[in-house]
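**Q** need a structure here:
(2 chains)
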Amino acid sequence: MTYVLADTAVTVTLTVNGAAHDMRIEPRELLVSVLRDRLGLTGTHIGCETTSCGACTVLLDGRSVKSCTMLAVQAQGHHITTIEGLAGPDGLHPVQQAFRSCHGLQCGFCTPGMVLATVSLIEEGRAADEDSVRSALEGNLCRCTGYHNIVQAVLSAARAIQGDGA
Amino acid sequence: MIPAPFAYRRAESVAQVIELLGEHGDEAKLLAGGHSLVPMMKLRFARPELVIDIGDLPGLDYVRMEGGDVAIGALTRHVTLETSPLLAATAPLLRHAASAVGDCQIRHRGTIGGSVAHGDPAADLPAALMALRGTVVAEGPAGRRMIPIDDFYVGFLETALAPDELVVELRFPRADRQPWGFQKFRRRAIDWAIVGLAYQAEPAGGGIGLVSMGPTTLRATSAEAALRSGAPASEVARLADADSEPPGDAAATPQFRRHLARTLLARALAGQADR
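**A** Okay, here's the model as predicted:
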């Protein structure tokens, strides 16, 4: 049987930053495109589009994923967090604060992905020391900083979060 | 880069997947973590008419013992293998190989069943399963059947799966603390292996699996025979490429790949870590 490909759109509910969005999308739409173009969440950046650079990193149920390599339909039933959803009512998330305090950025293009990858890797216990941080950030490229301050920011954030008993 | 249009079905059960595959056959592709299929669809190397999403199927995400075998559900993600205490105790080779796949984000999505069924000779986990003398458990309309990993790969991106079958489980005898080695040669952190190698000393006489040394995941049969006959490690290592016709490409010439296979086997036999 051959499908009529013009009529493949599906109705989905995507939960992004705690809010449910009902929408009709084509299955071929990438998660990053739906976040940016349909929901206006342009903090999620498009870098390489080949699963290499990590600029499009978001959290799926709290774990880092590259949204250029997921179809939006695959995110049904899961919780997506973008950089716009990270800060709380009391201000910046500890990871955002650490990147700011340590100046863990220069141009800022990779930063949303770096921050979300960091939230995940700290939660997973991958921030024990500099080596484990560098290894866990292999999937996020920064072409400005040489990573030094980024790694310091991650270690600083890990200390802040673990110090809270979180 | 956006895939060509396709129809999308989200499967609720293995039975429904088999039914849909029976109806649509080669026009359908299964989507698990999507980290092999989605990139291929974006590049239009793959253009299925129907994508059957099995990513959230229940009951296929586990690592457990069944008798003396380790059994792993096809939808078990790389990060689960990487952090599984059971796997660390029973098959440290596979745990380590899973930790060497891509990066954290990729390991959060990719599944062992997807990696095995995709059939890319550059994949790490199939070589580890080759070394562990693993078995692919496939399910189709007639039920389950066991396919030894040696019979599973029939060509580049081609497997022994029938059009209406899917991989549901991987299994292999427990290796516990027997010596093993895993070597992955690459230029940059998250690249695929230019050549990779998995070595497991026992059980079942042990095995050596090769990454990117031919059109499929390969077994280093001659080196394994030398190993079993008690030949010294240097002699075994010299035979690492004896059964391969490695390809040449932008990353390496065939001669360089042969050299790498021999060097990596020497390192694996010496118990060196790969990074």
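**Q** can you report how many residues neighbour the closest residue to chain A within the stretch 51-200 of chain B?
**A** With C-beta to the nearest C-beta as the measure, residue B:103 is the residue of the stretch 51-200 of chain B nearest to chain A, at 2.7 Å. C-beta here means a position set from N, CA and C on the backbone, and glycine is covered the same way. Around residue B:103 there are 22 other residues, counting by other C-beta atoms under 10 Å in any protein chain shown.
**Q** just the endpoints, please. Distance across stretch B:244-253?
**A** Length of stretch B:244-253, first residue to last, C-alpha to C-alpha, to the nearest Å: 13 Å.
**Q** sorry, that was for stretch B:97-112
**A** OK, stretch B:97-112 end separation, C-alpha to C-alpha: 11 Å.
**Q** also stretch A:120-138?
**A** End-to-end span of stretch A:120-138 (C-alpha to C-alpha): 13 Å.
**Q** is that stretch positioned near chain B?
**A** Yes. Using C-beta under 8 Å from any C-beta of the partner chain, stretch A:120-138 comes into contact with chain B via A:120, A:121, A:124, A:126, A:136, A:138.
**Q** check contacts around the residue positioned nearest the centre of chain A.
**A** Nearest to the mean C-alpha position of chain A, by C-alpha atoms, centre = their mean, lies residue A:58 at 2.2 Å. Applying C-beta atoms under 8 Å, 6 or more residues apart in numbering or on different chains, one finds that residue A:58 lies in contact with A:31, A:32, A:35, A:44, A:64, A:65, A:67, A:80, A:81, A:82, A:116.
**Q** which of these are close to chain B?
**A** Within the contacts of residue A:58, those near chain B by C-beta under 8 Å from any C-beta are A:64, A:65.
**Q** which of the contacts of residue A:58 lies closest to residue B:138?
**A** Within the contacts of residue A:58, the smallest distance to residue B:138 is 27.9 Å, found for residue A:65 (C-beta to C-beta).
**Q** circling back to that earlier point, list the contacts of the closest residue to the residue of the stretch 51-200 of chain B closest to chain A other than its chain neighbours.
**A** In this structure, residue B:103 finds its nearest non-sequential neighbour in residue A:139, 2.7 Å apart by C-beta to C-beta, 6 or more residues apart in numbering or on different chains. Contact analysis of residue A:139 by C-beta under 8 Å, 6+ apart lists A:52, A:54, A:57, A:64, A:66, A:117, B:102, B:103, B:104, B:105, B:106, B:190.
**Q** any idea how far the residue of the stretch 51-200 of chain B closest to chain A is from residue B:35?
**A** Distance, residue B:103 to residue B:35, by C-beta to C-beta, to the nearest Å: 11 Å.
**Q** quick one on the thing from earlier: most neighbours among the contacts of residue A:139, please name it.
**A** residue A:66 (34 neighbours).
**Q** which strand residues bridge that one?
**A** Using DSSP bridges, the bridge partners assigned to residue A:66 are residue A:57.
**Q** pretty sure it sits against residue A:54.
**A** Yes. At 6.5 Å, residue A:66 counts as touching residue A:54 under the criterion of C-beta atoms under 8 Å.
**Q** overlap in contacts of the two?
**A** Shared contacts of residue A:66 and residue A:54 (C-beta under 8 Å, 6+ apart): A:139, B:105.
**Q** for stretch B:232-240, which residues meet the burial criterion?
**A** B:236, B:237, B:238, B:239, B:240 (16 or more other C-beta atoms under 10 Å in any protein chain shown).
**Q** who touches the residue of the stretch 51-200 of chain B closest to chain A in this structure?
**A** Residue B:103 is in contact with A:54, A:138, A:139, A:140, B:189, B:190, counting by C-beta under 8 Å, 6+ apart.
**Q** in helices only, show me the residues you listed.
**A** Among these, no member falls in helices (DSSP state H).
**Q** redo the residues you listed as CSV? Include pLDDT and distance to residue B:268.
**A** Below are these laid out as CSV (pLDDT from 0 to 100; distance: C-beta to C-beta, whole Å):
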residue, pLDDT, distance to residue B:268
A:54, 98, 30
A:138, 97, 22
A:139, 97, 26
A:140, 98, 30
B:189, 87, 20
B:190, 88, 22
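**Q** off-centre distance for the longest helix seen in chain A?
**A** If you go by DSSP H, chain A has its longest helix at helix A:148-163. Once both centres are worked out by C-alpha atoms, centre = their mean, to the nearest Å, helix A:148-163 turns out to sit 17 Å from its chain's centre.
**Q** that concludes my questions; thank you for your assistance.
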